[in-house]
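Engineer: Show me how the following folds:
(chains A, B and C)
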Amino acid sequence: MSETLRRIEIPIIITIVCTLLQVVPYFVNVPPIEAASDTFRSWMVLVATCSTLIGAITLTMGHSKTIQRQGKGWYFSVLTIVFMLVMILTGLPIPEVGLGEKNLVYDFCFKNILTPLGATMYSIIAFFLTAAAYRSFRARSLEATIVLIAGCLMICYNAPLMTVAWPGFTPIGDWIFSVPNMATMRAVIIGSALGAIALAVRALLGMERGYLRGGGEE
Amino acid sequence: MADLFAVWIAVFFTLAIYTFLYKENPWFRVAESIYLGTAVGYGVAFDLKYLRDQWTGVWSSTGLMMTAFAFAILVGLLWYFRFSKKYFYLYRWPLAIIVGTGIGTSMRTIIFAQFLSQIKGQATLPLFVAGDPMTSFNNILIAVMVPCVLLYFWFTGGSRELGAMKVIDKIARYTMMAGFGSAFGYTVLTRYSLFIGRSQFLLGIPPNPPEAKMAFVTIAAILLLTLFGWDIYKRQTPEIPT
Amino acid sequence: MSVLEKLQTIDRRYIYLLGWIFVLVPLLHPLGLPVSIGKYSTAYYNYLDNVPDGSVIMVTFDYGVSAMPELYPLTIATFHQLWNRDFKVVIVASWNQGPLVMDIVLKELKPAETYGKVYGEDWIELGWVPQGEIGMAALGKDIWSTKPADYIEGKPTSSYPIMQNIKTAEDIDLIVSFETGTPGLPEWVRQWNTPYGTPMIMGCIGVMVPEVAPYLQTGQLGALIPGLTASAEYEQILKHPGLATAGVDAISMSHLLVIILVIVGNAAYFMSKGRGGS
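Structural biologist: Next comes the predicted model:
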């Protein structure tokens, strides 16, 4: 029995059935199948949401090892796990006992820790970008020169100081955005759509197995 | 008082991240570790709230729905066999459900939304617009550039050595380089916009709390003193040879 | 080491310091530089202005706290335009931090006091729709069962007057989306615009702007606010200056810094190359 359950064909068949359950009702108007597809989709969202603890468990396992071994910076791992547990426990959806998003600790952590940290993490890239532009952005070849000139013109287009100093930056920036940029992205969208269709066909034929890799080795 | 404390905490964490610009240091590591834990914990709490809302909403309305909800939770528990060597195969079943549904949901409209509509948009571009030579010129350029970029990534068959392909490759490369330059320009805008937003908070510019300005100056001074002080101390203290 | 070589290998922390100066100084002492109104912000404003009163508009928060500095000013300005009109506004989020950003918007705008809008009659917030594209598809098919309760009061969605005639995507007249990545525009186009024909306009962070150009050209996207500069222009059109307008001088100076550094770096490179340097 166990050997039967281990067979790779089971998840492949599940994938094919789930794919067809979404595709067929869209093109074939059979109300019962459409209703089943809609209900299944809502049901599937519940299944997907149940995976929420995987990240927390993986994080805990990794950092616990560091703490156990008293590895370098183990006290930072303690902070990570403590704050994760604080957010989970205070954010548990039990408003009857004062937990949940209206909990003061949860609200404080979100507004004054997560919000500033999240915003700052992405903003720091501005400095690295500037330093990289200064040290590496060189017109070494014709292609690099085109990137450099187009980039500088777009930077001028986005800076009100520049567009007021010379209004010519505006039509040039509009042109770069709506002609070469648009052409590049259109080709990328068409290409990625073709790739997605190919992936879907492979999934329907049971040839796509990349997501089934892994054997639980730690 | 509580609001003031909250502002000082927010300013501290903001500046702790920025200390990384000087070099990797414990202040940054503290902020980074706390961010990681808080973000993961927040995601879990939000997902659990969603499950509860779904139960109290639709899934507790009839016996059949309740059974379906319970079955969803049972199938959802199969995710955690990811951590088991012996029963790892059970983890693939909910994964197959998600992958299959995801592929089906996107595939059924991608042909129209991204493939046909873009080709139609390309094909219906008028190559000659009366009284507007610039638009005509642009449309001709687009009509040439898009196929060139598409063909640049075509590797099937032995046509890549043809002379025409070399011209097509050149046009495609130059088009893409201009596109990447545009992307770079907008990336600069985004990253500096994010930094400007944080700076507006640090300077207490309304509607941000004005107390943040004092907190900024004080905490920045403390952090910089500790960073520079530690550097000076390390330079002055000779390394003991082992 | 020659001056040119020193220029090319300068400690990057001096560049970071310049970044701080070029942003903080114009914020502390605004230069009052004029802002020219561009075509994208004008088109976005006109698009909303031409939507008839009584229309149902779905506002989607496809961003979290990390993109707030760039998208929050646009969000405030858009709600200012929406709530000054007689629209039915349904708010959802496909990013789980979206509702928490909306909490901050509500604290600032106070729709009941400022605009006389009644929750449950003029607007409603349904909260986070999980699982990205699949959730969007489910929402389009049946809003009531995908979001059985609202976010703010936790009452059944079907109990609110505003939702009586809003059950599927076909009951929504326009999507206004604030985006920072995936899920975002392509997913909304695939699951709402293509099957139901729901028109869409959006504001997004600068990084996303290049990839939405084809959708703008085909008309799948009706209008676009591309980044913080256009948000400042939009605020000027609305005569409702906010954080975007306050930050526009800093945008100009920071961009000027990047241009100067690129020019100096390339000049030093070519001059040292010309002298036979490395």
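
Engineer: got a list of what A:Pro160 touches?
Structural biologist: C:Leu33, C:Pro34, C:Val35, C:Ser36, C:Thr229, C:Ala232, C:Val248, C:Ile251, C:Ser252 (C-beta atoms under 8 Å, 6 or more residues apart in numbering or on different chains). Bear in mind the C-beta positions are built from the backbone N, C-alpha and C, glycine included.

Engineer: One more: C:Gly219?
Structural biologist: By C-beta under 8 Å, 6+ apart, the residues touching C:Gly219 are B:Gly121.

Engineer: and the residue in the stretch 101-250 of chain C positioned nearest to chain B, how many neighbours?
Structural biologist: Across the stretch 101-250 of chain C, the shortest distance to chain B (C-beta to the nearest C-beta) belongs to C:Pro148, at 2.6 Å. By the criterion of other C-beta atoms under 10 Å in any protein chain shown, C:Pro148 has 21 neighbours.

Engineer: List the buried residues of the longest helix anywhere in chain B.
Structural biologist: The single longest helix within chain B, with elements called by DSSP state H, is helix B:163-202. Across helix B:163-202, burial judged by 16 or more other C-beta atoms under 10 Å in any protein chain shown covers B:165, B:168, B:171-202.

Engineer: same deal with stretch C:78-94?
Structural biologist: Per 16+ other C-beta under 10 Å, stretch C:78-94 contains these buried residues: C:78-83, C:85, C:87-94.

Engineer: same thing with stretch B:70-85?
Structural biologist: B:Ala72, B:Val75, B:Gly76, B:Leu78, B:Trp79, B:Tyr80, B:Phe81, B:Arg82.

Engineer: quick one: low-confidence parts of chain A?
Structural biologist: Chain A contains residues with pLDDT under 70 at A:215-218.

Engineer: Which phi and psi values does C:Val176 adopt?
Structural biologist: phi -110, psi 120 (degrees, to the nearest 10).

Engineer: That one touches C:Cys204, doesn't it?
Structural biologist: No. The criterion here is C-beta atoms under 8 Å, and C:Val176 misses it with C:Cys204 at 11.8 Å.

Engineer: Between these two, point out the one with more neighbours.
Structural biologist: C:Cys204 (30 against 27).

Engineer: May I have the beta-bridge partners of the closest residue to that one other than its chain neighbours?
Structural biologist: In space, not counting the residues next to it along the chain, C:Cys204 is nearest to C:Glu179; the distance is 4.4 Å by C-beta to C-beta, 6 or more residues apart in numbering or on different chains. Counting by DSSP bridges, C:Glu179 is bridged to C:Asp62, C:Cys204.

Engineer: Next one: the residue in chain B that chain C sits nearest to from B:Val11, what distance?
Structural biologist: Relative to chain C, the nearest point of chain B is B:Gly197 (1.9 Å; C-beta to the nearest C-beta). Plainly put, B:Gly197 is 14 Å away from B:Val11 if you go by C-beta to C-beta, to the nearest Å.

Engineer: close to chain B, is the longest helix anywhere in chain C?
Structural biologist: The residue-count maximum for a helix in chain C (DSSP H) belongs to helix C:243-274. Yes. Helix C:243-274 is in contact with chain B by C-beta under 8 Å from any C-beta of the partner chain, via C:Leu243, C:Ala246, C:Gly247, C:Ala250, C:Ile251, C:Ser254, C:His255, C:Val258.
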